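In: Okay, here's the prediction I keep looking at, along with the sequence it came from:
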Amino acid sequence: MPALCPVCCCALHLLSQDKRLARLAKAREAADKTVLRSPICCILGHVDVGKTKILDNIRRTNVQDGEAGGITQQIGATFVPADAIEKRTQPLRGSRPFDMKLPGLLVIDTPGHESFTNLRARGSGLCDVAVLIVDLMHGLEQQTIESINMLKMRKTPFIIALNKIDRLYQWKSLPDGPVRDAFKRQKEHVMKEFDDRSSQVFLQLNEQGLNVSLYWKNPDPRRYVNVVPTSAITGEGIPDLLQLMVKLTQTMMQDRLTLLSETQCTVLEVKTMEGLGTTVDVVLVNGTLREGDRIVVCGLSGPLVTRIKSLKTPQVMKEMRVKGMLVEHKEVRAAMGVKIVAPGLESAVAGTSLYVIGPEDDEEELKDSVMEDMADIFSKVDKSGEGVCVQASTLGSLEALLSFLDSPEVSIAVSGINIGPVHKRDVLRANVMNEKGAKKFAVILAFDVPVSREAREMAQEYNVRIFTADIIYHLFDQFTAYMKQIKAQEQEAARLEAVFPCTLQIMPTCVFNKKDPIVVGVEVVEGIARVGTPLAVPTQAGIELGRIASLELNHKAVDSARAGQSVAMKIEPGNAIEQSRMYGRHFDHNDQLVSKITRESINALKSHFADEMTKDDWRLVVKLKKVWGVQ
């Protein structure tokens, strides 16, 4: 990917921000506050927690009827209209009137955090409300925690669906019924099991910094997250969930949901389709898209300007079984999911904004605006050029991974980024670290992207490691395990060169062999005595004795001994001069033995063993530098 200058990206941001904000403010002033758009809803949670099944359950309302105004499947989203929600929530309301000011709910089809991270605009999520699915049987899992962190980071309102209540032993089903009515049908032991399991989950949620409450017991919805027990299989709790989503959005975010004339559109996915070429699936949040509109989208190498060839959505739900049947539209209005067919979209970046270039718009300004999405990303690339290479499927997932790597508890430097599958060129870029002598950073962290066969073969040839995973923490675990392995190898290679500082005092009653090898008992006065440490008597000339060959503490072999410990020590000579050294002739118990350090040995300590050194050890290094005249 050609490098985009971070400074240029920031300049683009500053130049276009004021104009864009002014344009949005003007659109808000002109908007009719009583006309609201559909809130955009994401469904998040761990794998196999029931995200797709809950989505299917919501989607199935009125599908069989195929009536006008029924649920329609759009590209990347399902529109659930107000009358469908009214019908589904009727058992919950009873005779109370249905008060819904929204046209419906736009539920993003692809469940999971991928879709959530892609619904972004200038760092704030386009997702208006989220449903976090938690498995009652298993509690919080890794992706659930990732989702919670993303929701908190984006400050997105959300509801927790405590799913799989039908798995409770001897659960009596009330298909598609309100959850409290379903609870009334259960035996005492069933409710006891629910209370026990839900209490455990609530405790786990508390540990993640969330105050939660069953929605009908919630003392303050602004301080406590609502929890709805659900069954995606039999439908209990789904009416409660839909009603809460409507209530949360239309009471707490009316300003945000005011329908604007200004086009707001986000690219969800970039797909190649047979007969159509490269297309983009987008969510149109505000405004209108028309066939023939000139649009600008963010590309990997810069802005892409093209013209809409056609706008497509699938057939209504009753014909969804007919694969590939798409309906063409001259124009589509917000809020809607739609497929855009246009030339030159091959390098479009999923998770970025799309703008329509109107007759009065400044095209250059819109180009600048569309590239703002890349500005923050480049600030996370290490300017020194030393670090791992990172690839992800979309800008949103790349942003999530970079934020994770940049966090204080992780702190992994990044030297290069890309979006999309890993190819040979990405391996060549990572190989630069080998050329710089930074072998440990010759790594590609591939988050939720495929790796081409050619790239794998080249990586093997060039000794570049590629780690792949679809969960951020799994990537981190793989990389840290690899770094530990590299560190162990580097330490082993540097072990002879690295000399730990020590001062030893010979015990006169513990002289077991006076010469070749010298075997004596010593007390470690300062520092750390390690097997392999070269020892000398610090006279003016310096009497070198050899290296510590072995240490025994309480008749057991040890690798090292710290200040205050007394050990038996064998010193092996390394040359003829050291072989001639003899206790009683060249030195005795009145002389201290110290480690023979050099500039190279100090550098090796700093590079490979710094975490094993204490402050006192470093003070002793400073003292020994003066003894041996080390600069």
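Out: Ah, there it is.

In: quick one: residue 455 and residue 427 touch, right?
Out: Yes: at 5.3 Å, residue 455 counts as touching residue 427 under the criterion of C-beta atoms under 8 Å. C-beta coordinates here come from the backbone N, C-alpha and C atoms, glycine included.

In: tell me, what's touching those two both at once?
Out: Between them, residue 455 and residue 427 share these contacting residues under C-beta atoms under 8 Å, 6 or more residues apart in numbering: residue 466.

In: Give the ranges of residues in the stretch 201-350 of the chain that sit below the confidence cut-off.
Out: 315-324 (pLDDT under 70).

In: State the number of residues packed around the residue lying closest to residue 381 once chain neighbours are set aside.
Out: Nearest residue to residue 381, sequence neighbours excluded (C-beta to C-beta, 6 or more residues apart in numbering): residue 414, at 5.5 Å. By other C-beta atoms under 10 Å, the residues close to residue 414 number 20.

In: residues contacting residue 414?
Out: Contacts of residue 414 by C-beta under 8 Å, 6+ apart are 380-382, 387-390, 402, 405-406.

In: cool, and residue 411?
Out: residue 405.

In: now it: how far from residue 279?
Out: Residue 411 is 39 Å from residue 279, where distance means C-beta to C-beta, to the nearest Å.

In: go on, residue 468?
Out: Counting by C-beta to C-beta - residue 468 and residue 279 are separated by 26 Å.

In: which secondary element of this structure has the worst mean pLDDT?
Out: strand 120-121 (a mean of 48; mean pLDDT, DSSP states H and E).

In: who's in contact with the most centrally placed residue in the chain?
Out: Residue closest to the mean C-alpha point of the chain, counted by C-alpha atoms, centre = their mean, is residue 401 at 3.7 Å. By C-beta under 8 Å, 6+ apart, the contact list for residue 401 reads 390, 392, 445, 447, 472, 475.

In: Output those residues in a markdown table, with secondary structure appended to each entry.
Out: Converted to a markdown table, those look like this (DSSP: H, G, I helix; E, B strand; the rest coil):
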| residue | secondary structure |
| --- | --- |
| 390 | strand |
| 392 | strand |
| 445 | strand |
| 447 | strand |
| 472 | helix |
| 475 | helix |
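
In: got a markdown table for these, with pLDDT and distance to residue 512 too?
Out: As requested, the contacts of residue 401 are exported to a markdown table (pLDDT from 0 to 100; distance: C-beta to C-beta, whole Å):
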| residue | pLDDT | distance to residue 512 |
| --- | --- | --- |
| 390 | 93 | 58 |
| 392 | 88 | 63 |
| 445 | 95 | 54 |
| 447 | 90 | 60 |
| 472 | 78 | 57 |
| 475 | 87 | 54 |
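
In: where are the low-confidence patches of the stretch 451-600 of the chain?
Out: Along the stretch 451-600 of the chain, no part satisfies pLDDT under 70.

In: any chance you could map the helices in it?
Out: Remark: helices assigned in the stretch 451-600 of the chain by DSSP state H, counting those that start in this stretch are 453-462, 472-494, 576-580, 599-608.

In: how about the CA coordinates for the longest one, as PDB?
Out: Extracted in PDB, the C-alpha atoms of helix 472-494 (Å, rounded to 0.1, in the frame of the first residue of the first chain):
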ATOM      1  CA  ILE A 472      -7.800  -9.800  18.600                       C
ATOM      2  CA  TYR A 473      -6.700 -11.500  21.800                       C
ATOM      3  CA  HIS A 474      -5.800 -14.700  19.900                       C
ATOM      4  CA  LEU A 475      -3.500 -12.700  17.700                       C
ATOM      5  CA  PHE A 476      -1.900 -11.100  20.700                       C
ATOM      6  CA  ASP A 477      -1.400 -14.500  22.400                       C
ATOM      7  CA  GLN A 478       0.200 -16.000  19.300                       C
ATOM      8  CA  PHE A 479       2.500 -13.000  19.000                       C
ATOM      9  CA  THR A 480       3.500 -12.800  22.700                       C
ATOM     10  CA  ALA A 481       4.300 -16.600  22.700                       C
ATOM     11  CA  TYR A 482       6.500 -16.000  19.600                       C
ATOM     12  CA  MET A 483       8.200 -13.000  21.300                       C
ATOM     13  CA  LYS A 484       9.000 -15.100  24.400                       C
ATOM     14  CA  GLN A 485      10.500 -17.700  22.100                       C
ATOM     15  CA  ILE A 486      12.600 -15.100  20.300                       C
ATOM     16  CA  LYS A 487      13.700 -13.600  23.600                       C
ATOM     17  CA  ALA A 488      14.700 -17.000  24.900                       C
ATOM     18  CA  GLN A 489      16.800 -17.600  21.800                       C
ATOM     19  CA  GLU A 490      18.400 -14.200  22.000                       C
ATOM     20  CA  GLN A 491      19.200 -14.600  25.700                       C
ATOM     21  CA  GLU A 492      20.700 -18.000  25.000                       C
ATOM     22  CA  ALA A 493      22.900 -16.500  22.300                       C
ATOM     23  CA  ALA A 494      23.900 -13.600  24.500                       C
END
